[in-house]
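1. Starting from these lines, generate the structure:
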Amino acid sequence: MQRFTSTIVACLCLAAVTGCSRNVPPPVGRWEGIYDSGNVIVAARMEVTPKEQIYVSAPNAENIGNMSAEDRAAIRKKLADGLAAGWDGVAPHKMDFDGQSFRNPGGIAHQAEWDAAARRMTLIVYLDRGDGIRIPMRSVKAFSPNPFGGS
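-> Numbers count the residues shown, from 1 in each chain. Got it, this is the predicted structure:
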């Protein structure tokens with residue numbers, strides 16, 4: 001009887017775990033965003049294809065706190081130009097997606113987050129072993145040559 005009860009409990013636990021795990025397809029689309037703080041600038045793109053291939057590029061510049069406005073503008077231009085020029089060479093990534101968080105396969109750290117209700121994507125970029133920079137992304141039909149705006 002105890003063995004039968006243990007088997008029933010094990011089956012219920014397995015059913016609960018299976019029911020809680022979600023195999024949700026990621027949202028399909030393109031997003032771009034920027035992060036521009038005192039010491040870091042990031043230009044980012046993300047694309048998820050119908051085949052669930054995920055492309056991400058986020059060139060950045062760090063330790064730029066003492067630069068002039070002109071130098072920072074030049075850095076923004078260089079990042080935007082590099083992002084546009086290098087996009088065709090970005091390799092697809094496979095990521096786990098649970099309906100909200102993108103993670104590297106088997107990983108713990110969030111690489112991106114999707115808010116389905118708001119249809120909002122947030123890319124998380126990890127620099128210098130930090131907690132990650134959260135970059136709000138905007139949905140785009142086609143990527144712009146300069147995510148910072150302007151020409």
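
2. Going by C-alpha atoms from here, please, whenever you check contacts or count neighbours.
-> Fine.

3. surely residue 112 meets residue 99?
-> No - checked against Cα atoms under 8 Å, the pair residue 112 and residue 99 is beyond contact range at 11.2 Å.

4. Looking at those two now, which is surrounded by more residues?
-> More crowded of residue 112 and residue 99, by other Cα atoms under 10 Å: residue 112, with 23 against 16.

5. Give the closest residue to that one in space, chain neighbours not counted.
-> residue 123 (4.3 Å; Cα to Cα, 6 or more residues apart in numbering).

6. residues contacting that neighbour?
-> Contacts for residue 123 (Cα atoms under 8 Å, 6 or more residues apart in numbering) come out as 111-113, 134-137.

7. Identify the element of secondary structure that it sits within.
-> Assigned by DSSP states H and E, residue 123 belongs to strand 120-125.

8. can you give me the strands in the chain?
-> Taking DSSP state E as the criterion, the chain carries its strands at 29-36, 40-48, 54-57, 60-62, 96-97, 101-103, 110-115, 120-125, 133-140.

9. Mind checking the pLDDT average for the third one?
-> Averaging pLDDT along strand 54-57 gives 98.

10. ok, now the longest one?
-> This predicted structure assigns strand 40-48 an average pLDDT of 98.

11. Quick one: work out the angle between it and strand 120-125.
-> Strand 40-48 and strand 120-125 are oriented at 120 degrees to each other (axes from the mean of the first three to the mean of the last three Cα atoms, to 10 degrees).

12. Can you list the strands that strand 40-48 pairs with?
-> According to DSSP bridges, strand 40-48 has the following sheet partners: strand 29-36 (antiparallel), strand 54-57 (antiparallel), strand 60-62 (antiparallel).

13. buried set for the shortest one?
-> Of the residues in strand 60-62, those buried by neighbour count under the rule 16 or more other Cα atoms under 10 Å are 60-61.

14. now the first one
-> If you call a residue buried by 16+ other Cα under 10 Å, then strand 29-36 has these buried ones: 30-35.

15. Could you export that strand as PDB, CA atoms only?
-> Coordinates of each C-alpha in strand 29-36 appear next as PDB, following Å, rounded to 0.1, in the frame of the first residue of the first chain:
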ATOM      1  CA  GLY A  29       9.500  40.600 -34.600                       C
ATOM      2  CA  ARG A  30      12.300  43.100 -34.700                       C
ATOM      3  CA  TRP A  31      13.300  45.500 -32.000                       C
ATOM      4  CA  GLU A  32      15.900  48.200 -31.500                       C
ATOM      5  CA  GLY A  33      17.000  50.300 -28.600                       C
ATOM      6  CA  ILE A  34      19.700  52.400 -27.000                       C
ATOM      7  CA  TYR A  35      21.200  53.000 -23.700                       C
ATOM      8  CA  ASP A  36      23.100  56.200 -23.100                       C
END
